[in-house]
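Enquirer: Next comes the sequence, and after it the predicted model I'd like to discuss.
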Amino acid sequence: MCKLEAWYAVIDNPWFRVYLQSCALAVEASMVIALRLQKIALGGYAAEREVYRMVNEKAVAVQATQGIMLQGGPQVTAATVSKAVKHYRGKVAANKRRLTK
């Protein structure tokens, strides 16, 4: 197997795609964390509301992710994990849009 064929084998691996999606999620989430910390640092009613929203979103996100993972059945597949990561990335993107208004 030549180097190029080995590289294509890595790219075609569904778990590698999940890894790349997870890396993107980590970067995007760190941006949202920074935006939230800025808002919280300003204090006041907006900060209090942001903290409440953040905690509430975490609880809802965990429940949604559990539902996604349970739909995949007893065996964890790359497709199921990818679906869960995409769900989180959508939530993170929505938070980023809201916080950058």
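Expert: Sure, I can see it. Numbering: from 1, shown residues only.
Enquirer: quick one: contacts of stretch 62-80?
Expert: 14-15, 17-18, 81, 83-84, 87-88 (Cβ atoms under 8 Å, 6 or more residues apart in numbering). Where you see a C-beta, it was placed from the backbone N, CA and C, and this is true even at glycine.
Enquirer: and these, which are buried?
Expert: Buried members of these, scored by 16 or more other Cβ atoms under 10 Å, are 17-18, 81, 83-84, 88.
Enquirer: Out of those, which comes closest to I33?
Expert: Of all the buried ones among the contacts of stretch 62-80, I33 sits closest to Y88, with 13.4 Å by Cβ to Cβ.
Enquirer: mind checking how far the closest one is from I40?
Expert: 21 Å (Cβ to Cβ, to the nearest Å).
Enquirer: what does S82 give?
Expert: Distance from S82 to I40, by Cβ to Cβ: 32 Å.
Enquirer: Then N13?
Expert: In terms of Cβ to Cβ, N13 sits 40 Å off from I40.
Enquirer: of those two, who's got more company?
Expert: I40 (15 against 12; other Cβ atoms under 10 Å).
Enquirer: host element of the nearest residue to that one once chain neighbours are set aside?
Expert: Of all residues not flanking I40 in the chain, A47 sits nearest, at 4.6 Å (Cβ to Cβ, 6 or more residues apart in numbering). Secondary-structure assignment from DSSP states H and E places A47 in helix 44-71.
Enquirer: For that helix, list every residue counted as buried.
Expert: 47, 50, 65, 68.
Enquirer: For these, could you give me a markdown table that also reports pLDDT and distance to L25?
Expert: Shown next, in a markdown table, are those (pLDDT from 0 to 100; distance: Cβ to Cβ, whole Å):
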| residue | pLDDT | distance to L25 |
| --- | --- | --- |
| A47 | 95 | 25 |
| E50 | 95 | 21 |
| T65 | 90 | 12 |
| I68 | 90 | 14 |
